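A.B. asks: Fold the following for me, if possible:
(one chain, ligands or ions: 1)
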Amino acid sequence: TWGAVPAGPPDAILGITEAFKADKDPRKINLGVGAYRDENGKPYVLNVVKKAEERITAAKMDKEYLPITGLASFTQNAAKLAYGADSEPLKQNAIAVAQSISGTGALRIGGAFMARHYPHIKAIYLPTPTWGNHIPLFKDSGLEVRRYRYFDSKTVGLDFAGMKEDLKNAPEGAIVLLHACAHNPTGVDLTQQQWKELSDLVAEKQLFPFFDMAYQGFASGSTDRDAFAVRHFVSQGHRIALCQSFAKNMGLYGERVGAFSLTTQNEEEGKRVDSQIKIIIRPMFSNPPLHGAHIANTILSDPELYQEWEGEVKGMAGRIINMRERLYDLLTHELKTPGEWGHIKSQIGMFSFTGLQTEQCKALAEKAHIYMTMDGRISMAGLNGSNIEYFAQSVNAAVRG
Ligand code: LMR
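C.D. replies: This next block holds a predicted model:
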């Protein structure tokens, strides 16, 4: 029956973890997947998550199904976190929000909703480069995928002029995917001034802003600051789509906690939209999982835990920034590795887009047991005091060939 099914390639990101696990060398380092590691290279369960779980266990909650759009108190709190407590559409009950299977699930609900209900051109513009999964995800959702320029490899920075030009040339009404903060894979974000300019351009061209916010808190250490783009667009009267993930900022990776939302004209329109989101979710996965949503909700709804959580997010973001500085120093000053490495310090969020070429990435895996995606992206959180020198020396060797 399946004789004609060809073997597919391993996933560009998750496939790296498989290769890493199969490697028996004790020096091996996994810088592939964007998952936080502590100073000892171990996965990190946040203290607030442990506390929330204790409370959940003590409350002896049942295991009944959640409603189709999930735990209502969680989705309200998630919306408040993203849009801000004083957000107009939030105050007017004009945000249709559903719990999703993390950020990917949110994107998938959103893609399906746009493909079915968006009344204008069903094409979505993605930045080049973007998170690899965006491309098949939106195609599988039934949207046409197009691209806009984003990263300039010459300056190792944002190609804002190219981005604006491509969006100006997009057909009126096109959907544009925007990484709200900590752009994956480049770590290069727009400045607040550039976001303002972009908001005007999006209004002029009547584009539809579709935000992916997978790293709120991870860019600057402040959940409010990282929500600037989303809140600015909403304050300017844009109707937006928003995908949220709690994988990174609460370390809830495998719990699959996220939210998808659409801002609407008013409460009545919001209710109609909500009814259609339900119609999309029910045949997709019926209703979302319970446990992770209770964890996130416990943290978001308790002022003390919330404050502690903000501290822990800052702590994770801070450790990553320290690793950026240390790596820059090692390459630039200690090893005098050819090339300019300033971008390692200026890039934002979990990743650094090193500029290493595919051949060099392959050599690092084969010779040094260091795993990263083949576009030269490294997850900074995989580095720590014990392995950063070995990593820098290996990069130095790979660059010198
Ligand atoms: C990543 O880019 O490494 C993360 O978003 C994890 C994933 O699912 O790809």
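A.B. asks: Would you mind checking the average pLDDT for stretch 358-368?
C.D. replies: Stretch 358-368 carries an average pLDDT of 95.
A.B. asks: Could you do stretch 46-64 as well?
C.D. replies: 96.
A.B. asks: quick one: contacts of it?
C.D. replies: 250-252, 290-291, 294-295, 298-299, 305, 308-309, 312 (CB atoms under 8 Å, 6 or more residues apart in numbering). Where C-beta positions appear, they are placed from N, C-alpha and C, glycine not excepted.
A.B. asks: let's see 6 Å
C.D. replies: G251, H294, I295, T298, I299, L305, E308, W309, E312 (CB atoms under 6 Å, 6 or more residues apart in numbering).
A.B. asks: mind putting those residues in JSON lines, distance to L262 and neighbour count included?
C.D. replies: Converted to JSON lines, the contacts of stretch 46-64 look like this (distance: CB to CB, whole Å; neighbours: other CB atoms under 10 Å):
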{"residue": "G251", "distance to L262": "27", "neighbour count": "20"}
{"residue": "H294", "distance to L262": "24", "neighbour count": "22"}
{"residue": "I295", "distance to L262": "25", "neighbour count": "25"}
{"residue": "T298", "distance to L262": "26", "neighbour count": "23"}
{"residue": "I299", "distance to L262": "25", "neighbour count": "25"}
{"residue": "L305", "distance to L262": "28", "neighbour count": "19"}
{"residue": "E308", "distance to L262": "31", "neighbour count": "16"}
{"residue": "W309", "distance to L262": "26", "neighbour count": "24"}
{"residue": "E312", "distance to L262": "30", "neighbour count": "19"}
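A.B. asks: possible to save the residues you listed as CSV with pLDDT and distance to L383?
C.D. replies: CSV is the format used below for the contacts of stretch 46-64 (pLDDT from 0 to 100; distance: CB to CB, whole Å):
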residue, pLDDT, distance to L383
G251, 97, 17
H294, 98, 33
I295, 98, 27
T298, 98, 31
I299, 98, 27
L305, 98, 29
E308, 97, 26
W309, 97, 24
E312, 96, 19
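A.B. asks: In helices, which of the residues you listed appear?
C.D. replies: H294, I295, T298, I299, L305, E308, W309, E312 (DSSP state H).
A.B. asks: Show me where the stretch 151-300 of the chain has its strands.
C.D. replies: 151-152, 157-158, 175-179, 208-213, 241-245, 257-263 (DSSP state E, counting those that start in this stretch).
A.B. asks: chain center to the third one: distance?
C.D. replies: Put plainly, it is strand 175-179. 13 Å (CA atoms, centre = their mean, to the nearest Å).
A.B. asks: and if you look at the last one?
C.D. replies: Averaging C-alpha positions (CA atoms, centre = their mean) puts strand 257-263 13 Å from its chain's average.
A.B. asks: per-residue confidence for the residue of the chain found nearest the ligand?
C.D. replies: The nearest approach of the chain to the ligand comes at G34, 3.3 Å away (CB to the nearest ligand atom). If you check G34, the pLDDT there is 90.
A.B. asks: Kindly report the same for H232.
C.D. replies: 98.
A.B. asks: who's in contact with it?
C.D. replies: W195, S199.
A.B. asks: Any figure for the gap between it and S394?
C.D. replies: Counting by CB to CB, to the nearest Å, the separation of H232 from S394 is 41 Å.
A.B. asks: just to revisit the earlier point, what subset of the ones in helices among the contacts of stretch 46-64 is also close to the ligand?
C.D. replies: The subset of these within reach of the ligand, by CB under 6 Å from any ligand atom, is empty.
A.B. asks: can I get those in JSON lines with distance to Y125?
C.D. replies: Shown next, in JSON lines, are those (distance: CB to CB, whole Å):
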{"residue": "H294", "distance to Y125": "37"}
{"residue": "I295", "distance to Y125": "35"}
{"residue": "T298", "distance to Y125": "38"}
{"residue": "I299", "distance to Y125": "34"}
{"residue": "L305", "distance to Y125": "39"}
{"residue": "E308", "distance to Y125": "39"}
{"residue": "W309", "distance to Y125": "34"}
{"residue": "E312", "distance to Y125": "35"}
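A.B. asks: what's the most distant pair in these?
C.D. replies: H294 and E312 (18.4 Å; CB to CB).
A.B. asks: Could you check how far the closest residue in space to S394 that isn't next to it in sequence is from L14?
C.D. replies: Distances taken as CB to CB, 6 or more residues apart in numbering place A368 nearest to S394, at 3.8 Å, with adjacent residues excluded. Note on A368: its distance to L14, by CB to CB, is 21 Å.
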